[in-house]
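1. model this:
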Amino acid sequence: MPDSYRAPDVSHRYVLDLVRATDRDRFLAALFAPEPARRGLLALLAFDHELARTRTVTREPMLARIRLEWWREAMAEAAGAGTPRAQPIVESLSEIARRHGLGAERLAALIDAREEEIDGPLDVVRVGHALADLQLAVLGVRDAATRDAACAVGAAWLMGEGPERDTLLAGARARRDAIDPAALPILLPALALDGAASPWRKPLAYWWAARRGRY
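-> Below is the predicted model of the structure:
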């Protein structure tokens, strides 16, 4: 069976702790997804975090590409039929990829998008769309309106403040009445970009927004 692989519980726990420590806003939002989709979203966020670290881990372009090539090979294993390499994020992603039919090429699309940052500025639209497509697959959401909103929020997340980000968020929110509510765990982080809620109030703000279908 394609979904027969089960990652060790310690790997899922590692992923959860990593995302909670490094990406609290999107961690909180992911908690609104039911299991096992929640594990899938956390695994994808941990994967993206590791890819984003490439530029800070090494400033040598050749070494950066070697590091990303390691992840390409790991994703081929994760989406395959054998036992993936013993790395917590890879193991967690392997369970998710096989359960949801995420092929190696779809996982590699996020790596390819992140690789552009080695030689130049990050293409935030490409990265945001690549991650959103994987997240939507995990959530089982396929309609065009929700994809447009999720891609807009994903790209806006990577931008600094400015009119371009405001335009993306406005476009995403214009689709609120048409989106699939199952996608709210990846749309709720848009609230953090408004900077309205203090850190200790964010869990409640996310909960209230999710109840109302707002982001």
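2. where's Arg99, which helix or strand?
-> Taking DSSP states H and E as the criterion, Arg99 maps to helix 88-100.
3. okay, that helix in PDB with CA atoms only?
-> Extracted C-alpha coordinates of helix 88-100, given in PDB (Å, rounded to 0.1, in the frame of the first residue of the first chain):
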ATOM      1  CA  PRO A  88      13.000  13.300  11.500                       C
ATOM      2  CA  ILE A  89      11.700  15.700   8.900                       C
ATOM      3  CA  VAL A  90      12.300  13.200   6.100                       C
ATOM      4  CA  GLU A  91      10.600  10.400   8.000                       C
ATOM      5  CA  SER A  92       7.600  12.500   8.900                       C
ATOM      6  CA  LEU A  93       7.300  13.800   5.300                       C
ATOM      7  CA  SER A  94       7.600  10.300   4.000                       C
ATOM      8  CA  GLU A  95       4.400   9.200   5.900                       C
ATOM      9  CA  ILE A  96       2.600  12.300   4.700                       C
ATOM     10  CA  ALA A  97       3.800  12.100   1.000                       C
ATOM     11  CA  ARG A  98       2.700   8.500   0.700                       C
ATOM     12  CA  ARG A  99      -0.600   9.000   2.400                       C
ATOM     13  CA  HIS A 100      -1.500  11.900   0.100                       C
END
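4. now for it, which elements pack on it?
-> Counting contacts by 3 or more CB pairs under 8 Å, 6 or more residues apart in numbering; DSSP states H and E, the secondary-structure elements packed against helix 88-100 are helix 9-22, helix 37-52, helix 61-78, helix 124-139. For glycine as for every other residue, the C-beta is placed from the backbone atoms N, C-alpha and C.
5. I'd like to know the average pLDDT value across the longest one.
-> In other words, helix 61-78. In this model, helix 61-78 has a mean pLDDT of 96.
6. In JSON lines: the helices and strands packed on helix 88-100, plus distance to Pro189 and mean neighbour count.
-> Conversion of those to JSON lines gives the following (distance: least, CB to CB, whole Å; neighbours: other CB atoms under 10 Å):
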{"stretch": "helix 9-22", "distance to Pro189": "12", "mean neighbour count": "17"}
{"stretch": "helix 37-52", "distance to Pro189": "10", "mean neighbour count": "23"}
{"stretch": "helix 61-78", "distance to Pro189": "23", "mean neighbour count": "17"}
{"stretch": "helix 124-139", "distance to Pro189": "11", "mean neighbour count": "22"}
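7. mind checking which of those helices is nearest Trp207?
-> Evaluated over these, closeness to Trp207 peaks at helix 37-52, with 15.1 Å, by CB to CB.
8. Past that closest one, which element shows up next along the chain?
-> Tracing the chain past helix 37-52, the next element assigned as helix or strand by DSSP H and E is helix 54-57.
9. Please identify the buried residues of that next one?
-> Applying a neighbour-count criterion of 16 or more other CB atoms under 10 Å, one finds Thr54 buried in helix 54-57.
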